[in-house]
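>>> quick one: sequence plus predicted model below, questions after.
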Amino acid sequence: MTRRAASPWAWIPTLYFAQGLPYVAVMTVSVIMYKRLGVSNTDIALYTGWLYLPWVIKPFWSPFIDIFGQKRRWTVIMQWVLAASLAAVALALPGPGFFRLSLAAFWITAFASATHDIAADGFYMLALSEHQQSLFVGIRTTFYRLAILAGQGGIVVMAGRMEEATGNIPLAWSRAMMAAAALLALLAVWHSFILPHPPLDTPRGRGITPHKVLSEFAETFRSFFAKPQTVAAVAFMLLYRLPEAQLVKLINPFLLDPPEVGGLGLSTAQVGVVYGTVGVIALMAGGVAGGIVAARGGLRKWLMPMAWAMSLTCATFLYLSLVPEPGLLTVNLCVAIEQFGYGFGGTAYTLYLIYYALGPNRTSHYAIATGFMALGMMLPGMAAGWIQEMLGSYTAFFIWTMACCAVTIAAAARLKVPAEFGRK
C-alpha cells in the first residue's frame with residue numbers, strides 16, 4: 001500500500017521556521033548574548049563576523065549536497081546537528097572558557113545551518129510541483145521571518161526575563177539557548193516523520209566522476225563572471241550593504257551599553273522588544289512595501305530611491321547617540337524607521353541578484369551571488385567593533401557609517417537594468 005504524502009501545510013511552515021531559527025541565533029542572538037556576558041565590541045564583531053563564512057563559501061559545497069544523498073535525509077540530519085550544537089552552546093556558557101567553547105559550537109551551528117539551507121531549498125523544489133512552489137513561496141518566507149522574530153524577540157526576551165529573575169546572566173542565557181535547542185530537536189522529530197518521500201529525491205552520484213563534478217563547477221563560475229557588467233555587479237553585491245553590515249554588529253551593543261559609555265542602557269528584555277520585535281516587524285513591512293512598488297514600477301525606477309532609503313535611515317542611530325536620554329518610544333520609532341528603510345532598500349538588492357542570475361545556470365549563479373552577499377556582510381562586520389573603539393564613541397562610529405552610505409549610492413548608480421525587469 002502506497003503511503004499517502006502529508007499536506008505541504010504540515011511541513012513547509014515548520015521547515016522554514018527551522019531554517020530561520022539557527023541563522024538568527026548565530027548572526028544576531030550571539031551578539032546580544034556576548035555583550036551581556038562582558039565581551040568587548042571588537043571581539044564580538046570580529047568573531048561573530050567570521051560566522052558568516054559558511055554562507056560565503058556555501059556555493060562551493062552545494063553541488064555535492066545536490067549530487068550525493070537524499071535532500072530529505074540531509075535536511076533531517078542537519079536539524080539534529082543544529083539542536084546538538086545549540087545545546088553545546090548552552091552547556092558552555094556557565095563554565096570557564098565560555099567564549100572559546102561557545103564560539104566553536106556556533107561554528108558547527110553555522111556550517112550545519114548553511115548546509116540545511118541547501119538541502120531544505122532543494123527538497124522544497126523536489127517535493128512540490130511548480131504550481132505548489134509558487135503557491136507556498138509566501139508561506140515559506142513568512143515562517144522564516146517568524147523564526148527571526150522568535151529568535152531576536154522571543155529568545156532575547158526570555159533570556160532577559162531570566163536575567164532579572166535569577167541575577168545570573170550566564171545561567172539565563174544557557175537556559176534560553178537550551179530552549180532553542182529543544183525546539184529544534186522537536187522540529188527534527190516532527191520532520192523525521194512528516195516530510196514526504198518524493199520520487200525525485202534520489203542520489204545522483206552514481207556514475208558521476210569527481211572530474212565531471214569539478215568541470216561543471218568550474219564552468220558555472222566561468223559563466224558567472226562572463227556576464228555583462230560583471231565588475232559593477234560584483235561591486236554592488238559586495239558594497240551595497242556596507243553601512244548596514246557594520247551597523248548590525250553594533251546596534252545591540254549600543255542599545256545595551258550604559259549611557260556613561262555612550263549607549264542607551266536598555267535591559268536585555270527591552271532590546272528583545274525594541275530590536276527583536278518592533279525592528280523585525282518594521283523590516284518585514286519595508287520588504288513588503290519594496291516588493292509592491294518594484295512590482296508596479298520595475299527595479300530600474302526604484303533602484304536609486306531604495307539605495308537612498310538604505311542609506312539615509314542610518315541617521316536614526318546618529319540621532320539617538322546625540323539626544324540625551326531618549327525615551328523608549330523614541331528609541332522604538334528610530335529603530336522602526338531604520339529597519340523599514342533597510343527592508344525597503346534590501347528589495348533592490350534581492351531583485352538585482354535575481355536579475356544577474358538569469359540564464360541557464362540561474363540556480364547556481366544565484367547561489368554564487370548570495371555568497372558575495374554574505375562576504376559583503378562578513379568583512380565589514382568583522383571590523384566594525386574595532387572601528388568603533390578606535391573612533392572612541394558610538395556617535396563617531398555612526399558618523400562613519402553615514403559616510404559609508406556614499407559607497408552604497410555609488411555602487412547602485414553604476415548598474416544598468418532593463419526598465420521592465422521586476423514589473424508584475
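In hand now; what should we look at?

>>> how about the helices in the stretch 101-250 of the chain?
For the stretch 101-250 of the chain, applying DSSP state H, counting those that start in this stretch gives helices covering 130-149, 156-166, 169-194, 210-225, 230-239, 242-256.

>>> same check, this time on the stretch 251-400 of the chain
268-273, 279-297, 299-312, 315-322, 328-357, 362-391, 394-413.

>>> quick one, what contacts the nearest residue to Asp117 once chain neighbours are set aside?
With sequence-adjacent residues excluded and distances taken as Cβ to Cβ, 6 or more residues apart in numbering, Asp117 is closest to Gln19, at 6.1 Å. Any C-beta I mention is one placed from the backbone N, CA and C, and that applies to glycine too. Gln19 sits next to 113, 116-117, 120, 144, 147 when contact means Cβ atoms under 8 Å, 6 or more residues apart in numbering.

>>> most neighbours, which of those residues?
Note: the member of these with the most neighbours is Ser113, at 29 neighbours, neighbours being other Cβ atoms under 10 Å.

>>> was I right about that residue contacting Met27?
No: using Cβ atoms under 8 Å, Ser113 makes no contact with Met27, being 9.4 Å away.

>>> still on that earlier bit, would TSV of the helices of the stretch 101-250 of the chain with distance to Ser321 be doable?
What follows is these, written out as TSV (distance: least, Cβ to Cβ, whole Å):
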stretch	distance to Ser321
helix 130-149	25
helix 156-166	22
helix 169-194	25
helix 210-225	41
helix 230-239	24
helix 242-256	7
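
>>> and these, which is most packed in?
Of the helices of the stretch 101-250 of the chain, the one with the most neighbours on average (mean count of other Cβ atoms under 10 Å) is helix 242-256, at a mean of 24.

>>> what mean pLDDT does that helix have?
Average pLDDT, helix 242-256: 91.

>>> again, but for stretch 216-233
86.

>>> need the distance between the two termini of that stretch.
End-to-end span of stretch 216-233 (Cα to Cα, to the nearest Å): 23 Å.

>>> between the helices of the stretch 251-400 of the chain, which gets nearest to Gln229?
Nearest to Gln229 among the helices of the stretch 251-400 of the chain is helix 328-357 (8.5 Å), distances taken as Cβ to Cβ.

>>> tell me the angle of the closest one relative to helix 279-297?
Put simply, helix 328-357 runs at 40 degrees to helix 279-297, going by axes from the mean of the first three to the mean of the last three Cα atoms, to 10 degrees.

>>> how big is the angle separating helix 328-357 from helix 299-312?
Going by the same axes, to 10 degrees, helix 328-357 is angled at 140 degrees with respect to helix 299-312.

>>> correct me, but Tyr275 touches Asn252?
Yes: if you go by Cβ under 8 Å, Tyr275 and Asn252 touch, sitting 6.3 Å apart.

>>> re the thing from before, buried deepest among the helices of the stretch 251-400 of the chain, which one?
Most buried of these, by mean neighbour count (mean count of other Cβ under 10 Å): helix 268-273, with a mean of 23.

>>> helices or strands next to that helix in the packing?
Judged by 3 or more Cβ pairs under 8 Å, 6 or more residues apart in numbering; DSSP states H and E, helix 268-273 is in contact with helix 30-36, helix 156-166, helix 242-256.

>>> what's the closest of those to Thr14?
Between Thr14 and those, the shortest separation by Cβ to Cβ is 20.1 Å, and it involves helix 156-166.
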